[in-house]
Structure formats: C-alpha cells, structure tokens
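Asks: I would like to see how this sequence folds:
(chains A and B, ligands or ions: 1)
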Amino acid sequence: MKITEQEVRHIASLARLRLSDDEVEKLGEELGQIKEFVETLNEVDVSSVDATAYILDKQNVLREDELKPSFDRELILKNAPAKEAGCISVPKVVE
Amino acid sequence: MKGCVKFMSKYDEYEVIMGLEVHAELSTKTKIYCGCSTEFGADPNTHCCPICTGMPGVLPVLNKKVVEYAVKMGLATNCEIAKFSKQDRKNYFYPDLPKAYQTSQYDLPLCEHGYVEFMVGDTLKRVGITRIHIEEDAGKLIHDPYTGDTLVDFNRCGVPLIEIVSEPDIHSADEAIGYMQTLKSILEYLEICDCKMQEGSLRCDVNLSVRKKGETKFGTRTETKNLNSFKAIARSIEFEIKRQIDELEAGGEIYQETRRWDDDKGIGYAMRSKEDAHDYRYFPEPDLAPIVLSDEYVNNLKVNLPEMPVARKTRYINEFNLPEYDAEQITNSKYMADFFEKATAVCNNPKLVSNWIMSDISRILNEQEITITEAKFTAEQLGELISLIEKNVISSAIAKKVFEDMAVSGKNPKVIVEEKGLVQVTDEGAIREIVQKVLELNPQSVEDYLAGKEKAMGFLVGQTMKESRGKANPGIVNKLLKEELEKLK
Ligand SMILES: [Zn+2]
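Replies: Down below sits the predicted model:
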C-alpha cells in the first residue's frame, strides 16, 4: 500500500526536507511498506487490554525545584555552525 | 468597544465572539524539565543545559512545583482537577525550539471546565475556562541589524508556562480586559507568576470572529498572537473587529489566519495563512510518566489557597467599610491591597488610606507610569503621613504637598515637614493677626458678608489660608473669622 506522492511531499515539508522526484517515488514505496508492517499489529486481539499512552509502570516522576548549574556557554554553542554575541546565528526568520 | 465603533450603525449589526489563550510563566526557580535557572535578563545562552537545548539521549524530569502551581490556578478558577494527566509532544520546526517539538498537554490537561467572574461596568460577567495545561516556553529570537541574520537565545527554553484557554464567551474589548485583569490578579494572589507583561511573563492570544446578530453559525476566526499589554489587547481587538466587519461589508471574506499586532504603528497584519496551517502531529511524550493526583493532594492545596481577590474585596467592605468600588479597585492588585493593609496598620484609618490610594497615589503612579511596587514611597510612609494629618501636625492641603515630595524623593513625611517648616499653625494669636490683616485688605468681601452673602466667607477663608501659606489650621481660621466679623456687625 503505497503512500501517495502528495502525502510524502506534505510530510517532507513538515520535516523541512527537500526531496527530488525520484526520492518522493522511492520514499512513497518504503513508507508504505513500513506502514503495512506496523499494521500487522492490528491482527493482535487486544480486547482485554486497556489502552495506554505510556508503557512503563511508572507515574509522578518528579524533581524538586532546585537549581543545578547550567552548562558553560561555549559548550552549549559548540555545535552551532555560526555564532554571534553569545547566540546561535541563523538565516533571517521572517514572520 | 467605546469610540468610533459604537456609533456607526453597520458595526452595531454585528456580534463579536472571542476566546482568549493566556500564557503565564510560572515563577519557579528552575525550568520545567531541568535545573537551569528561569531568571529573566541573564546573558544569552547561559541558562542552558543538554536537556533544555534538546540534545539527543537526555531524560527530562518534571518540576514538582509546576504541577502544584498549575493545580492551584485550576482550583482558583473553579476547574475540575484531572486525577490522571499526561504530557504530549507538539511537533513543529522553528529556530526558537531546539527540540523541534514543544512538550505540552494535548487531550488530558491538568485542569478543565472552570470559570471566572468579574464586573464589567455594573454587570457581573462570567467567562468559562475550557482548560489549563502545562507546557514549556520557547527561546528568544533577536534580529541582528548588522548582518540581517537572526540570533537565537535559548535561556527561555523550558521556562514553565501554563496556558489558560477560555470559552468563546467574550464579546467586547472591555470584557477581554476585565477577564485578563481577573486572571492577572488571581495569578498575583497565588504568587505563581510575576505578571510582568512587558517582560512577556504574561501574554495572550485573541481568537476573534464576528457574525450578524441573530445568526447561529460562527464566523471564520483569526488569531492575534502574543499581546503583552492591556493597551495592546484592547487596541488590537478594536482594530480586528473593525477590519473583519469592513471586509464583510465590502463583500470580502475572512480567512482563518494567524495575525500579529504592531503596537507602535497601531495595526495588525497576517503572519501565516490557512494554506500554511500547522499540522502539529501531537503524540504522547514517551520520556515523561503520567501525572496522577490523589484527592488528598488536591484537597490539601485547596484548603491552603490564599485569600483570593473577591474574598479580600468582601472583607474590605465589611471590615473597613470601604465603598464597593474602592474595595474592588484596591484588591484588583495584590500589591496594592498589601500596600493598603500596611498603611492602615500604621495610621489605623482605612478610609483615609483608601481615599489616598484612589486619588493622589493612583494619579502619581499614572504620571510616573509605574506600579505600586516600584513607587519611591512606602506604605508605612503613607501611614505616617496620614497620622500627621490626624494629629493636626499638618493640614490635608499641606499633606498633599508633602506627598508630592515623598513620591519623588522617597523621604519620610516627618523629615519633609521639618525641613520645609510645614508644621500647622494652631496658635490662635498668630492666626488672629492674619485674619485681621485679611479683613482689612478685603473691605468689599467684609461688606458682602455683613450684607448676608454667605459666599464671601469662603473667599475670606481662602485668603487667610493663602496668607498663612496653607499652614493655618482651617478649623481655627473659620472660628476666628466668624468672631472677628461678628465684632464688625
Ligand atoms: Zn537546562
């Protein structure tokens, strides 16, 4: 079950990916296969199992409101391709 | 909706429907999922760690206080508190969001189905609260004027927020302001948000649509984002109401879009259109465990809620005999109410303290464009000033002058009175001399008074006060004037 070209382009734009026409074609098939594989889960009888959004047997994992040292700024900015005035510099964002 | 919109008939044919989404930054010491500081105004990117900058493989842990503060707000706004709540990822790409998703709450928020009530003019207004959920704030984008690039500061990333979503119950700018004012004072009373709108710690988005009166279908709504002053909220609403009605009247169409308000220019404009509408692909946050709250936990917070604005207002009316309007104005702001109580503790005259707050203090704060917490004078000083009036050390007229000085210098009223020699003259001999001089200088007024024109008395009192440079005790002036005039009959 192929994912349509339109769907692939929509997902790609949400993920900010630029795809060639060949890639759209190829990804449509691959994503379709992945979806089909995941859909095998539908064959399992879960009528006796409650729905959950969280699989671990944990709740209320909380911390106290206590200050911890932050990281050195140079370390935080280490991965940024461009820096300016202690900030990460990115191409102009137009709103 | 005062002003131009009101008296033009075509606008009267429409009904306005608004819902507000209010974001309040919680005043916790640390961020929502890490121990970095939430302090405002630090050097860029110095309150950051791998968790709040979205490095792979890190494990966020929810701050206990965030849950507590959100539940308190829910209780104070009559919400039902969820026994089971979870967090979700809201996915979108933007440079202010290093994780490429915002951790928020989607279908199971902490609080739901509440309401607040407040007065709009003489009418009690109720606005429903759809939900209150917890989420994290995003970073700050700064325009670099030299390179034209955008600079990113992640300090605000992960600062805890609550988003308070209202029902579409708001129908005018006045109601929107009343609603926002009410939320602000509740947040202040709970001490869970510093409500500094100019710093962005309290801000709101306005969803607005219009429809012809009598219609049952909603019109298409627009969302004006990130309004961070009462003035901007009111002006942007009036602008958007007029824009939508003008558009429809001209045969045009309203598009569902996100808009921004430019408060300097006084205009709103579209940011993103429907074609580019967000598809957030919410899904449950796998790194954060569900929040399960016991009745005991919620009840404990409920019984320990501080006195809320409405309760305090009622108490001021009953305990201090304040007029309802004054009590409402003073209790609107927790800081003003605290100021009132501190000043009253010093001078023991709540009515006079209230009068000062309602008149001279409000005027000075307006003139200086500050809030009571930023004022030079303290509540104790106002209390002392009022005590000086009550002990007849100074007259009310002189007190006003002393207050002007206090508001600028922050000096103690006693010091000002001594330095400027403003102590009230109660010596009858000294005042009688002034009275006699005034009568000599104003024979026409004396004649008028003796001829039965009572009005002339007021003039003569005024002249005597002026001659004493405001320092004569007005009661004694009145008494002596009458005595001296009697002699002339
Ligand atoms: Zn951090």
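
Asks: Around chain A, which positions in the stretch 101-250 of chain B sit nearby?
Replies: Neighbours of chain A within the stretch 101-250 of chain B, by Cβ under 8 Å from any Cβ of the partner chain: B:141-144, B:147-154. Where you see a C-beta, it was placed from the backbone N, CA and C, and this is true even at glycine.

Asks: Out of those residues, which is nearest to residue B:112?
Replies: Proximity of these to residue B:112 (Cβ to Cβ) peaks at residue B:154, which lies at 31.6 Å.

Asks: Please verify my assumption that the closest one contacts residue B:98.
Replies: Yes: counting by Cβ atoms under 8 Å, residue B:154 does reach residue B:98; the two are 6.2 Å apart.

Asks: circling back: may I ask which of the residues of the stretch 101-250 of chain B next to chain A has the most neighbours?
Replies: residue B:154 (27 neighbours; other Cβ atoms under 10 Å in any protein chain shown).

Asks: between residue B:154 and residue B:98, what contacts are shared?
Replies: B:52-53, B:139 (Cβ atoms under 8 Å, 6 or more residues apart in numbering or on different chains).

Asks: tell me the secondary structure for the nearest residue to residue A:84 once chain neighbours are set aside?
Replies: Leaving aside its sequence neighbours, residue A:84 sits nearest to residue B:151 (Cβ to Cβ, 6 or more residues apart in numbering or on different chains; 5.7 Å). For residue B:151, the assignment made with DSSP: H, G, I helix; E, B strand; the rest coil gives strand.

Asks: and the gap between residue B:151 and residue B:16?
Replies: Using Cβ to Cβ, to the nearest Å, one gets 39 Å for the distance from residue B:151 to residue B:16.

Asks: What is the burial count for residue 65?
Replies: With no chain named, the answer covers chain A. Residue A:65, neighbours per other Cβ under 10 Å, totals 19.

Asks: um, chain B though
Replies: Here the number of neighbours of residue B:65 (other Cβ under 10 Å) works out to 21.

Asks: tell me the contacts of the residue lying closest to it once chain neighbours are set aside?
Replies: Excluding its sequence neighbours, the residue lying closest to residue B:65 (Cβ to Cβ, 6+ apart) is residue A:65, at 4.1 Å. Neighbouring residues of residue A:65 by Cβ under 8 Å, 6+ apart: B:28-30, B:63-65.

Asks: Out of these, which sit inside helices?
Replies: Here DSSP state H is the test, and the contacts of residue A:65 give B:64-65 as lying in helices.

Asks: From the contacts of residue A:65, list the buried ones, please.
Replies: For these, a burial check counting by 16 or more other Cβ atoms under 10 Å in any protein chain shown picks out B:28, B:30, B:63, B:65.

Asks: From the centroid of chain A, which residue is nearest?
Replies: residue A:15 (8.1 Å; Cα atoms, centre = their mean).

Asks: Let me see the confidence value for that residue.
Replies: Looking at residue A:15, its pLDDT is 84.

Asks: quick one on the thing from earlier: wait, which of the buried ones among the contacts of residue A:65 is closest to residue B:177?
Replies: residue B:28 (27.9 Å).

Asks: how close does that closest one get to chain A?
Replies: According to Cβ to the nearest Cβ, to the nearest Å, residue B:28 stands 5 Å off from chain A.

Asks: what does residue B:279 give?
Replies: From residue B:279 over to chain A (counting by Cβ to the nearest Cβ), the distance is 6 Å.

Asks: which SS state does that residue fall under?
Replies: From three-state DSSP, the assignment for residue B:279 is coil.

Asks: What's the local residue count around the residue lying closest to residue B:244 once chain neighbours are set aside?
Replies: Excluding its sequence neighbours, the residue lying closest to residue B:244 (Cβ to Cβ, 6+ apart) is residue B:210, at 4.8 Å. Other residues within reach of residue B:210, judged by other Cβ under 10 Å, total 26.

Asks: In which helix or strand does residue B:210 reside?
Replies: Using DSSP states H and E, residue B:210 sits in strand B:202-212.

Asks: quick one: buried residues of that strand?
Replies: So for strand B:202-212, counting by 16+ other Cβ under 10 Å, buried means B:202-211.

Asks: so where's chain A shaky on pLDDT?
Replies: A:1, A:94-95 (pLDDT under 70).

Asks: Need the contact partners of the lengthiest helix in it.
Replies: In terms of residue count, the longest helix belonging to chain A (DSSP H) is helix A:21-39. Where contact means Cβ under 8 Å, 6+ apart, the residues beyond helix A:21-39 that reach it are A:1-5, A:7-9, A:11-12, A:19.

Asks: Distance of residue B:315 relative to chain A?
Replies: 31 Å.

Asks: That residue: helix or strand, and which one exactly?
Replies: Under the criterion of DSSP H and E, residue B:315 resides in helix B:309-320.

Asks: repeat for residue B:439
Replies: helix B:428-441.

Asks: can you check residue B:118 too?
Replies: With DSSP H and E as the criterion, the answer for residue B:118 is strand B:111-120.

Asks: and the helix or strand following that strand, what other elements does it pack with?
Replies: Elements were assigned by DSSP H and E; along the chain past strand B:111-120, the next helix or strand is strand B:123-136. Strand B:123-136 is packed against helix B:64-76, strand B:101-104, strand B:111-120, strand B:160-166, helix B:173-190, with contacts defined by 3 or more Cβ pairs under 8 Å, 6 or more residues apart in numbering or on different chains; DSSP states H and E.

Asks: Are there helices or strands packed against the helix or strand where residue B:297 lies, and which ones?
Replies: Using DSSP H and E, residue B:297 falls within helix B:295-303. On a contact count with 3+ Cβ pairs under 8 Å, 6+ apart, helix B:295-303 meets helix B:64-76.

Asks: pLDDT at the nearest residue to residue B:437 once chain neighbours are set aside, what is it?
Replies: Spatial nearest neighbour of residue B:437, excluding adjacent residues (Cβ to Cβ, 6+ apart): residue B:467 at 6.8 Å. pLDDT, residue B:467: 85.

Asks: Please report the distance of residue B:467 from residue B:473.
Replies: Residue B:467 is 14 Å from residue B:473, by Cβ to Cβ.

Asks: Looking at the buried residues of strand B:202-212, which is nearest chain A?
Replies: For those, the closest approach to chain A (Cβ to the nearest Cβ) belongs to residue B:205, at 14.3 Å.

Asks: I'd assumed residue B:105 was in contact with residue B:82.
Replies: No: counting by Cβ under 8 Å, residue B:105 is not a contact partner of residue B:82; they are 9.4 Å apart.

Asks: the more surrounded of the two?
Replies: residue B:105 (25 against 21).

Asks: How many residues are close by residue A:14?
Replies: The burial count for residue A:14: 15, using other Cβ under 10 Å.

Asks: now do residue A:72
Replies: Using other Cβ under 10 Å, residue A:72 has 12 neighbouring residues.

Asks: Wait, residue B:298 touches residue B:82, no?
Replies: No: contact criterion Cβ under 8 Å: residue B:298 and residue B:82 do not qualify, at 9.7 Å.

Asks: residue in chain A nearest to the ion?
Replies: Proximity of chain A to the ion (Cβ to the ion) peaks at residue A:70, 6.0 Å away.

Asks: So that residue versus residue B:304, what's the distance?
Replies: Going from residue A:70 to residue B:304 by Cβ to Cβ gives 32 Å.

Asks: list the buried ones in stretch A:21-34?
Replies: Judged by neighbour count using 16+ other Cβ under 10 Å, the buried positions of stretch A:21-34 are A:24, A:27-28, A:31-32.

Asks: Backbone torsions only: list them for the residue nearest to residue B:249 when sequence neighbours are not counted.
Replies: Leaving aside its sequence neighbours, residue B:249 sits nearest to residue B:10 (Cβ to Cβ, 6+ apart; 5.7 Å). With angles defined as degrees, to the nearest 10, residue B:10 sits at phi -60, psi -30.

Asks: wouldn't residue B:10 be in contact with residue B:245 here?
Replies: Yes: in this structure, residue B:10 is within contact of residue B:245 by Cβ under 8 Å, at 6.7 Å.
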